[in-house]
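# 3D, please:
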Amino acid sequence: MTTREKPRRGTFVVIRAASTLYALIDRDDRRRSLLLMVFNLINTLFDIVALLLIIPLVTTLSSGTAPSYLSGPNAIVSLPSWVLSNPVVAIGGAVALLFIIRAGLGTLQLWWSGGVAHRAEVDLVWRLLNGSATISYSDHLDRDSGEIFRAVTDSVVRAMNLLGLGLSAAGDLILTLGIGAVIIAVNPVVGGLLIVYLAVAIGGWTFVARARVQRAGAVMGTATQARFKALQQGALLARELRLNGRAHSYAMHAVDQSGDVASARRMIDFIIPANRYVLETVVILGIVLSGAVASVTSGSASVLPTLAVMLAAMFRGLPALYRMMQFTNQCDYTMPALDALREYAASGGLAASGAEPGRPVQPPATAPRIAFTNVSFRYPRGHTDVLTDITLTIEPGMRLGIKGSSGAGKSTLLELLLGLREPTTGTITVASRPLSDDMARHQRGIGYVPQTVPLLDDTVAANIAPGWDADEVDHNQVRAVLVRVGLGAWLDGLPNGTSTVLGPGGPRMSGGQQLRLGLARALYAGPVILVIDEVTAHLDPVATDEIVAVLDGLDRSITQVAVAHDPVAVAYCDLVIDLTGGRIAASAPGDVVGPITA
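Residues are numbered from 1 along each chain as shown. Next up is the predicted model:
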């Protein structure tokens with residue numbers, strides 16, 4: 001994916017952005033947002049009423065008496081005598097009171113709006129991460145590694161900024177229309193001319209800025225994703241890149257993407273504040289124009305009342321106009337991020353609205369009987385079977401070895417056993433039930449040791465119990481499993497025991513120790529099935545014998561399935577099968593060292 005996406009254009013980008021955002025957020029957050037928008041509309045009415053009262057206030061100040069529509073036989077309302085005797089004080093006090101109420105409600109609205117946007121952001125991130133954790137393993141492998149990072153760190157942040165502005169957009173629009181009505185009511189000619197002038201000037205500026213904002217929004221998302229991938233790949237390949245002298249290429253690629261991110265941010269950081277200066281300049285020129293037109297069309301006596309109303313209207317309307325311009329810019333800037341979120345959601349990466357964390361699934365108490373019956377597997381875009389007609393029974397407590405050359409189907413067979421893939425044909429049963437009937441329970445009972453054990457830049461305890469909260473980790477159990485795999489002396493030599501921080505790549509550990517730590521991690525949760533994937537592939541004979549001795553010494557209540565090229569690594573197994581071309585070519589007891597013959 002390139003960092004230069006063509007920005008999407010469209011006259012109704014505001015509607016499209018609003019509808020996309022509404023579809024993405026959780027249904028409870030939609031209700032909160034709509035309720036807040038109703039509150040905002042009610043709050044706006046105080047502004048409009050206050051502005052309407054400015055008209056008789058200005059008239060009273062000019063003539064010294066209340067206008068005829070508030071006093072006399074033609075009054076549209078009957079006012080108390082004390083109001084008619086002191087119209088300036090009464091009407092001015094009412095205007096001030098309405099503005100004070102509006103300010104108080106506006107402050108409450110800001111606090112409420114921040115809470116709604118914050119909750120919506122947390123809910124959306126939860127649904128993204130929950131969706132990412134629950135999609136099928138095949139879909140997981142098909143995803144770009146930077147997609148979820150971009151979604152959480154860039155797309156969601158921009159979407160929530162848009163939501164925060166959108167929550168007040170409807171009220172701002174109503175207020176702007178109300179101000180327009182007030183201006184026209186005061187002087188139809190001057191008001192109409194002012195509104196046309198403002199629409200042309202502000203619309204022209206928005207049109208000029210739009211393409212730049214859209215381009216910045218498109219670049220921001222793709223550059224953020226590309227920068228993350230460059231940093232991630234550079235960290236994963238640090239040793240190789242240092243040796244071949246190419247580390248700088250990843251660094252420069254990340255710097256290039258950072259330059260694009262900074263350039264996009266600079267553009268939006270320029271456009272948003274520039275809106276205010278443009279708007280202030282346009283409004284001031286508009287008020288001057290209004291005074292001149294009022295003087296020509298209605299005489300000099302009408303200039304002061306007209307300008308007074310115009311100034312009051314612009315005083316209240318300027319912030320609303322600014323927020324509307326900012327909202328329009330934010331729609332253009334955020335639309336690429338919303339499109340990315342929508343596409344991510346369409347591919348199954350977003351959990352359903354209202355989804356809650358599932359209840360903890362208890363692992364099986366004892367090892368079950370596992371049976372493969374005529375199982376074949378073909379990858380979705382493949383043309384031939386990777387596994388063909390596999391029939392195999394794994395009894396509780398059995399130690400099964402799987403050997404074969406590269407490409408024989410060993411890893412695929414493990415993925416089927418782990419429930420990460422489903423067979424194309426045939427059946428897999430666990431405790432005489434189809435594996436798919438209780439997949440989560442089956443997986444909770446498995447401890448998995450990969451060929452390369454990843455170490456976290458965290459404590460020993462966090463490395464043994466990843467995914468557990470710090471206060472949930474049983475440090476006694478951590479120590480017990482480390483002792484169980486032969487790392488007790490190593491643990492005793494650490495300065496802070498299980499609280500000692502390990503660096504990425506395990507600088508304090510040999511290859512054999514790192515694999516033992518991976519085995520301890522797999523044993524921490526008390527599995528009934530232990531799956532070991534080529535863990536001795538890169539170990540010398542002495543380290544291999546040590547790992548095999550640890551595995552052989554584990555309790556017989558745990559079923560073990562071990563994959564290896566080296567027959568020595570599976571010599572402790574009860575049965576070893578030889579996979580050739582995706583088929584079981586032969587089987588024999590594990591103590592038969594060397595090639596298995598049919």
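# quick one: the strands in the stretch 401-550 of the chain?
Along the stretch 401-550 of the chain, the stretches classed as strands by DSSP state E, counting those that start in this stretch are 425-430, 433-434, 446-449, 529-533.
# winner for burial among these?
strand 529-533 (a mean of 23; mean count of other Cβ atoms under 10 Å). In this view, the C-beta of every residue, glycine as well, is placed from N, C-alpha and C.
# Now that strand: average pLDDT?
For strand 529-533, the mean per-residue pLDDT is 93.
# Can you give the contact residues for that strand?
Residues from elsewhere that reach strand 529-533 (Cβ atoms under 8 Å, 6 or more residues apart in numbering): 367, 370, 411, 414, 417-418, 445-451, 519, 522-523, 551, 554, 558-563.
# Need the per-residue pLDDT for Met325.
91.
# how near is the residue nearest to it when sequence neighbours are not counted to Arg215?
The spatial neighbour of Met325 that comes closest, neighbours along the chain excluded (Cβ to Cβ, 6 or more residues apart in numbering), is Asn275 at 4.5 Å. Using Cβ to Cβ, to the nearest Å, we find Asn275 at a distance of 17 Å from Arg215.
# circling back: which among the contacts of strand 529-533 count as buried?
367, 370, 411, 414, 417-418, 445-449, 451, 519, 522-523, 551, 554, 558-563 (16 or more other Cβ atoms under 10 Å).
# what's the longest helix in the chain?
helix 247-298 (DSSP state H).
# Give the other helices and strands that it contacts.
Judged by 3 or more Cβ pairs under 8 Å, 6 or more residues apart in numbering; DSSP states H and E, helix 247-298 is in contact with helix 188-236, helix 238-244, helix 303-344.
# pLDDT (mean, whole number) over that helix?
87.
# from the chain's centre, how far out does that helix sit?
Relative to the mean C-alpha coordinate of its chain, helix 247-298 is positioned 28 Å out (Cα atoms, centre = their mean, to the nearest Å).
# Leu173 is nearest to which of the helices and strands packed on helix 247-298?
Ranking the helices and strands packed on helix 247-298 by proximity to Leu173 (Cβ to Cβ) places helix 303-344 first, at 6.7 Å.
# what angle sits between the closest one and helix 247-298?
Helix 303-344 and helix 247-298 are oriented at 150 degrees to each other (axes from the mean of the first three to the mean of the last three Cα atoms, to 10 degrees).
# Give me the helices and strands touching the helix or strand that helix 303-344 is followed by, please.
Next along the chain after helix 303-344, taking DSSP states H and E as the criterion, comes strand 370-377. Counting contacts by 3+ Cβ pairs under 8 Å, 6+ apart, strand 370-377 packs against strand 387-394, helix 410-418, strand 425-430.
# tell me what the first one is packed against?
In other words, strand 387-394. Against strand 387-394 (3+ Cβ pairs under 8 Å, 6+ apart) you get strand 370-377, helix 410-418, strand 583-588.
# who does that strand pair up with?
Strand pairing for strand 387-394, determined by DSSP bridges: strand 370-377 (antiparallel).
# cool, the shortest one as well?
Under the criterion DSSP bridges, strand 425-430 sits next to strand 370-377 (antiparallel), strand 433-434 (antiparallel) in its sheet.
# Which residues does the shortest one contact?
Residues external to strand 433-434 that are found in contact with it (Cβ under 8 Å, 6+ apart): 427-428.
# Give me the distance from that strand to the chain's centre.
36 Å.
# what do you get for stretch 384-395?
39 Å.
# What are the contacting residues of it?
369-379, 400, 409, 412-413, 416, 423-424, 426, 559, 561, 577, 581-584.
# And these, which of them are buried?
Using 16+ other Cβ under 10 Å, the buried ones in the contacts of stretch 384-395 are 370-372, 375-378, 400, 409, 412-413, 416, 423-424, 426, 559, 561, 577, 582-584.
# Figure out which of the helices and strands packed on strand 370-377 is closest to Thr544.
Short answer: helix 410-418, nearest of those by Cβ to Cβ, at 17.5 Å.
# Which other helices and strands does the closest one contact?
Helix 410-418 packs on strand 370-377, strand 387-394, strand 399-404, strand 529-533, strand 559-564, going by 3+ Cβ pairs under 8 Å, 6+ apart.
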